[in-house]
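J.: coordinates only, no sequence provided:
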């Protein structure tokens, strides 16, 4: 009987929870194989102002530099939440809105955004360029009151939590509320806004700079 009362109290508590959404600024790192900075810039421009689907694993790689497994264009397997977007406010939404926000857009798949990009690619010079990007998605929170939701937003602005892709089921799935450390999930559709001033596009690694026969560095 005591177990039944505990279950009932949890159900009653969940009934009073509400959903809130807000645009979140994030930081991401992209890696590009190219034979020159100009070529890398051209490839980078293909993803600017586009969205990527965080559920599409082809966007992300932790393969070592200089190995055939590294895609022509890939994102690092972690991003960082910076805080609410300046032009957005915390809004109350319903479960139908939540489901819609958590639906992956077909236009954000890698095959749609970069139809000619190779999943296994080796530039002629073996050069890898990188840049930090400003990206944005929608965060969905679950709290009893808007005051609690806004207090939480202040917390993550200070903590800047990382989003690791080995924990994608906690961040980009509706049932992530039951698994995650934070009462927060993220829409899988991540918009690439601009190159960050903190790390503009530049050469990061090349075979010529490594000792011959040495193992490639992981990114």
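T.: Looks like it came in fine. In this text, all values refer to a predicted model and were calculated from it rather than measured experimentally.

J.: next structured bit after the lowest-mean-pLDDT helix or strand in the chain?
T.: Confidence across the helices and strands of the chain bottoms out at helix 2-15, with a mean of 37, counting by mean pLDDT, DSSP states H and E. Downstream of helix 2-15, the next assigned helix or strand under DSSP states H and E is strand 18-33.

J.: so what secondary structure elements neighbour that next one?
T.: helix 37-45, strand 73-75, strand 78-84, strand 91-93, helix 95-101, strand 127-143, helix 146-159, strand 189-195 (3 or more Cβ pairs under 8 Å, 6 or more residues apart in numbering; DSSP states H and E). C-beta: built from backbone N, CA, C; applies to glycine.

J.: so what are the sheet partners of it and their directions?
T.: strand 73-75 (antiparallel), strand 78-84 (antiparallel), strand 91-93 (antiparallel), strand 127-143 (antiparallel) (DSSP bridges).

J.: redo those strands as TSV? Include mean pLDDT, distance to residue 166 and mean neighbour count.
T.: Rendered in TSV, the data for these read as follows (pLDDT from 0 to 100; distance: least, Cβ to Cβ, whole Å; neighbours: other Cβ atoms under 10 Å):
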stretch	mean pLDDT	distance to residue 166	mean neighbour count
strand 73-75	96	14	24
strand 78-84	97	9	19
strand 91-93	98	28	14
strand 127-143	97	18	22
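
J.: in TSV, list those along with distance to residue 27.
T.: As requested, these are arranged in TSV below (distance: least, Cβ to Cβ, whole Å):
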stretch	distance to residue 27
strand 73-75	11
strand 78-84	5
strand 91-93	24
strand 127-143	6
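
J.: let me know which of these is the nearest to residue 186.
T.: strand 127-143 (5.2 Å; Cβ to Cβ).

J.: ok and that closest one relative to helix 37-45, angle-wise?
T.: Put simply, strand 127-143 runs at 20 degrees to helix 37-45, going by axes from the mean of the first three to the mean of the last three Cα atoms, to 10 degrees.

J.: can you classify the closest residue to residue 128 other than its chain neighbours as helix, strand or coil?
T.: Closest residue in space to residue 128, ignoring its immediate chain neighbours: residue 205 at 4.6 Å, by Cβ to Cβ, 6 or more residues apart in numbering. Under the three-state scheme (DSSP: H, G, I helix; E, B strand; the rest coil), residue 205 adopts strand.

J.: cool, and residue 176?
T.: helix.

J.: residues touching it, list them.
T.: Counting by Cβ atoms under 8 Å, 6 or more residues apart in numbering, residue 176 touches 169, 170, 185.

J.: tell me the buried residues in stretch 86-98?
T.: By neighbour count with 16 or more other Cβ atoms under 10 Å, stretch 86-98 contains the buried residues 90, 93, 98.
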